[in-house]
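Enquirer: Below: sequence and its predicted model.
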Amino acid sequence: AAREPGAPDDELAGRRAADASGDRGGAAGTPDYGEKRLPQALIIGVKKGGTRALLEAIRAHPDVRAVGVEPHFFDRNYDKGLDWYRNVMPKTVDGQITMEKTPSYFVTNEAPQRIHSMSRDTKLIVVVRDPVTRAISDYTQTLSKKPDIPTFEVLAFKNRTLGLIDASWSAIRIGIYALHLQSWLRYFRLAQIHLVSGERLIVDPAGEMAKVQDFLGLTRVVTEKHFYFNKTKGFPCLKKPEDSSAPRCLGKSKGRTHPLIDPEVILRLRKFYKPFNMMFYQMTGQDFQWEQEEGDK
Ligand SMILES: Nc1ncnc2c1ncn2[C@@H]1O[C@H](COP(=O)(O)OS(=O)(=O)O)[C@@H](OP(=O)(O)O)[C@H]1O
């Protein structure tokens, strides 16, 4: 029950109760009136892509209210029904957008059809990140909870001598973006799916947020004034332009130090992902430039 409505994003543990009731659903200080509505926009993935950073940035917009926890409705809680889902949402007034993020939706077979049947007009946002770095980030998260698991190098292969990658390992499978995107395109037009570069979200958060706000039909309120690059954290943190209080960085589960991975294994993985990445660039009409990276970042 502690995980109701189902939030493995360890980032906001202390905020769960408040967020689940819709409190703090939008910009801080937003009064809690209006009514609960089903979300019009969802951040559907990808796990470890930067979904928390994106949700926190977009909810700084006064016309957005979001659930802090991951409701996991379209994967784990679907049998609870749409009324349960609506009730998880914060209250909104007319003109405000309701949002949530659950990164596992992107790789859930039933999610596209289920979301489509809630509303065919749902706007979908996916934060994508170099699949090799994403896999290592995913592994690092598991390792932080289960320190006794085998090394990344062991888990990555079905047969290391033959160089056979284990594509059934979720850390690797999630990064085959072209494959997952195909099932979304059976239900949604590409124009309804906005892709955010996880890499650019770190180096140019305001630039990525401008595009997200345009996609959501919002005025560009979240700008460079909302971000401050914290050198100790190594990431941009959010600040309120109107006050001088300290910027709010994400917690220590975001921006973990990754273990060093055998460079040969990284190379093998890059080779594995290359054709899928190319297919993804072709399907989306966007080149995310993951081929240009040198090793794990
Ligand atoms: N501003 C800011 N602050 C901290 N971290 C940031 C930020 N922007 C993006 N990131 C990257 O987000 C990665 C975690 O992604 P998610 O939030 O999608 O993870 S989760 O799936 O919800 O667990 C996390 O991955 P790791 O660095 O591997 O921990 C970060 O690289």
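Expert: Ah, there it is. Numbering: from 1, shown residues only.
Enquirer: When you work out contacts or count neighbours from here on, use the C-alpha atoms and nothing else.
Expert: Will do.
Enquirer: residues touching the residue positioned nearest the centre of the chain, list them.
Expert: Centrality entry for the chain: nearest residue to the mean C-alpha point is residue 51, 2.4 Å, by CA atoms, centre = their mean. Contacts of residue 51 were listed using CA atoms under 8 Å, 6 or more residues apart in numbering, and they are 43, 45, 101, 103, 127.
Enquirer: which SS class is the spatially closest residue to the last one that is not a sequence neighbour?
Expert: Going back to what we said before, that points to residue 127. Excluding the flanking residues, the one nearest residue 127 by CA to CA, 6 or more residues apart in numbering is residue 196, at 4.5 Å. Using DSSP: H, G, I helix; E, B strand; the rest coil, the structure places residue 196 in strand.
Enquirer: all helices of the stretch 151-297 of the chain, in order?
Expert: Ranges of helices in the stretch 151-297 of the chain, per DSSP state H, counting those that start in this stretch, are 152-155, 170-173, 177-185, 198-203, 205-215, 263-284.
Enquirer: And the ligand, is the fourth one touching that?
Expert: Yes. In this structure, helix 198-203 sits against the ligand according to CA under 6 Å from any ligand atom; the contacting residues are 201, 202.
Enquirer: Please name every helix or strand in contact with that helix.
Expert: Other helices and strands packing on helix 198-203, by 3 or more CA pairs under 8 Å, 6 or more residues apart in numbering; DSSP states H and E, are helix 205-215, strand 235-238.
Enquirer: out of those, deepest packed?
Expert: strand 235-238 (a mean of 22; mean count of other CA atoms under 10 Å).
Enquirer: In terms of pLDDT, where does the residue nearest to the centre of the chain sit?
Expert: Confidence at residue 51, expressed as pLDDT, is 98.
Enquirer: Output stretch 174-188 as PDB, nothing but the C-alphas.
Expert: C-alpha atoms of stretch 174-188 as PDB (Å, rounded to 0.1, in the frame of the first residue of the first chain):
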ATOM      1  CA  ILE A 174      14.000  -0.800 -23.500                       C
ATOM      2  CA  GLY A 175      16.600   1.000 -25.700                       C
ATOM      3  CA  ILE A 176      15.400  -0.600 -28.900                       C
ATOM      4  CA  TYR A 177      13.300   2.500 -29.400                       C
ATOM      5  CA  ALA A 178      12.300   1.800 -33.000                       C
ATOM      6  CA  LEU A 179      10.600  -1.400 -32.000                       C
ATOM      7  CA  HIS A 180       8.500   0.200 -29.300                       C
ATOM      8  CA  LEU A 181       7.700   3.300 -31.300                       C
ATOM      9  CA  GLN A 182       6.200   1.000 -34.000                       C
ATOM     10  CA  SER A 183       3.400  -0.100 -31.600                       C
ATOM     11  CA  TRP A 184       2.600   3.500 -30.700                       C
ATOM     12  CA  LEU A 185       2.300   4.400 -34.400                       C
ATOM     13  CA  ARG A 186      -0.400   1.900 -34.800                       C
ATOM     14  CA  TYR A 187      -2.600   4.100 -32.700                       C
ATOM     15  CA  PHE A 188      -1.200   7.600 -32.800                       C
END
